[in-house]
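# this is a predicted model, with the sequence first.
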Amino acid sequence: MIQAADLREWRTCDVVDAGGHKIGSMEAVYVDTSTDEPAMATVRVGLPTRHRLVFVPLDGAIVGPGYVKVNYAKSLVKGSPAIGTDDVLPFEDEEAVFHHYELPYEAGASGERQLARR
């Protein structure tokens, strides 16, 4: 299991898919607000002059020296909902990220977000 204490070490690490194909570089980690455990990461992808951040779930991710290996194909991750490099995921777009990966989405009992950036 990935520990929340390691989050600072992951920033700028390469993110690779199960086949070892580089997807991009780790930008930020979003935790599940109900458990405070890492749930999703943003990955910087795109051309040098037109970067964007895409989301990828961290379930089953493996951390190695200089990389984080995720359980999702590069093509699926690159097609994920994206935000600008200086943006934060808007609440109204949060559910779309979960649906992209066919993951269940449950807002909190009072309607609070499921993800929070760390």
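Nice, thanks for sending it over. Residues are numbered from 1 along each chain as shown.
# look at the nearest residue to Ala82 once chain neighbours are set aside and say how many residues are nearby.
Closest residue in space to Ala82, ignoring its immediate chain neighbours: Arg52 at 4.4 Å, by C-beta to C-beta, 6 or more residues apart in numbering. In this view, the C-beta of every residue, glycine as well, is placed from N, C-alpha and C. Counted with other C-beta atoms under 10 Å, the neighbours of Arg52 add up to 17.
# same check on the one 4 residues further on?
Val56 sits with 27 neighbouring residues when counted by other C-beta under 10 Å.
# so the residue nearest to Ala82 touches Glu27, yeah?
No - using C-beta atoms under 8 Å, Arg52 and Glu27 do not qualify as a contacting pair, with a distance of 10.1 Å.
# state the pLDDT value of the residue nearest to Ala82.
Here, the pLDDT recorded for Arg52 equals 92.
# tell me the strands beside the one helix or strand it maps to, with direction?
Arg52 is part of strand 50-57, with elements assigned from DSSP states H and E. With DSSP bridges as the criterion, the sheet partners recorded for strand 50-57 are strand 38-47 (antiparallel), strand 82-83 (antiparallel).
# quick one: the first one to chain centroid distance?
On the basis of C-alpha atoms, centre = their mean, to the nearest Å, strand 38-47 is displaced by 5 Å from the centre of the chain it belongs to.
# which residues in the protein form strands?
Using DSSP state E, the strands of the chain run over 14-16, 22-32, 38-47, 50-57, 62-64, 67-69, 82-83, 115-117.
# turn the ones you listed into JSON lines, including distance to Val97.
Output for those, formatted as JSON lines (distance: least, C-beta to C-beta, whole Å):
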{"stretch": "strand 14-16", "distance to Val97": "16"}
{"stretch": "strand 22-32", "distance to Val97": "9"}
{"stretch": "strand 38-47", "distance to Val97": "7"}
{"stretch": "strand 50-57", "distance to Val97": "5"}
{"stretch": "strand 62-64", "distance to Val97": "21"}
{"stretch": "strand 67-69", "distance to Val97": "18"}
{"stretch": "strand 82-83", "distance to Val97": "10"}
{"stretch": "strand 115-117", "distance to Val97": "8"}
